[in-house]
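Enquirer: Quick one: sequence plus predicted model below, questions after.
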Amino acid sequence: MEIIIRPIVTEKLTQLTEKQHKYGFVVNPRANKLQIKSAIEKMYNVTVEAVNTATMPGKSIQRYTKKGFTKGSKPSYKKAYVTVSANDTIDFYGNV
C-alpha cells in the first residue's frame, strides 16, 4: 500500500512551513498516523514530531455545456499535516 500520494504546495502551507515547520501531503485514506510518520521519516530522512490528519469530503460539480447540464463529483481524499523538528527541512524540488 502506497502511503504518501503527493505533497501539497500552496501559499498557506508555505507560510506554515516557514513559521511552524509544517508540511502537507495527500495520503492514502486507509493510512494511520503511525504509518504516515514512518513513511515521511524514511522518504525524506527527517524527524517527525507530530502528524495531524483531515479527511476532505468529495464535492459535487455541475457545469453547463452545449448538450446541457453535466453533473459529476470530485473524489474525497485525506490530508496529513506533518510537523518536523526545527533543524530539519523537506525539499520538494530537489528531485526536479
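Expert: Looks like it arrived, so ask away. Numbering: from 1, shown residues only.

Enquirer: Which parts of this protein are strands?
Expert: 4-8, 22-27, 48-56, 60-65, 68-73, 77-84 (DSSP state E).

Enquirer: tell me the most buried of these?
Expert: Stretch with highest mean neighbour count among those: strand 22-27 (a mean of 21; mean count of other Cβ atoms under 10 Å). All C-beta spots, glycine's among them, are computed from the backbone N, C-alpha and C.

Enquirer: now for that one, which elements pack on it?
Expert: Counting contacts by 3 or more Cβ pairs under 8 Å, 6 or more residues apart in numbering; DSSP states H and E, strand 22-27 is packed against strand 4-8, helix 11-20, helix 33-44, strand 77-84.

Enquirer: neighbouring strands for that strand, and are they parallel or not?
Expert: Sheet pairing of strand 22-27 (DSSP bridges) gives strand 4-8 (antiparallel), strand 77-84 (antiparallel).

Enquirer: Those into a markdown table, with extra columns for mean pLDDT and distance to residue 69?
Expert: Formatted as a markdown table, the strands paired with strand 22-27 follow (pLDDT from 0 to 100; distance: least, Cβ to Cβ, whole Å):
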| stretch | mean pLDDT | distance to residue 69 |
| --- | --- | --- |
| strand 4-8 | 94 | 31 |
| strand 77-84 | 97 | 25 |
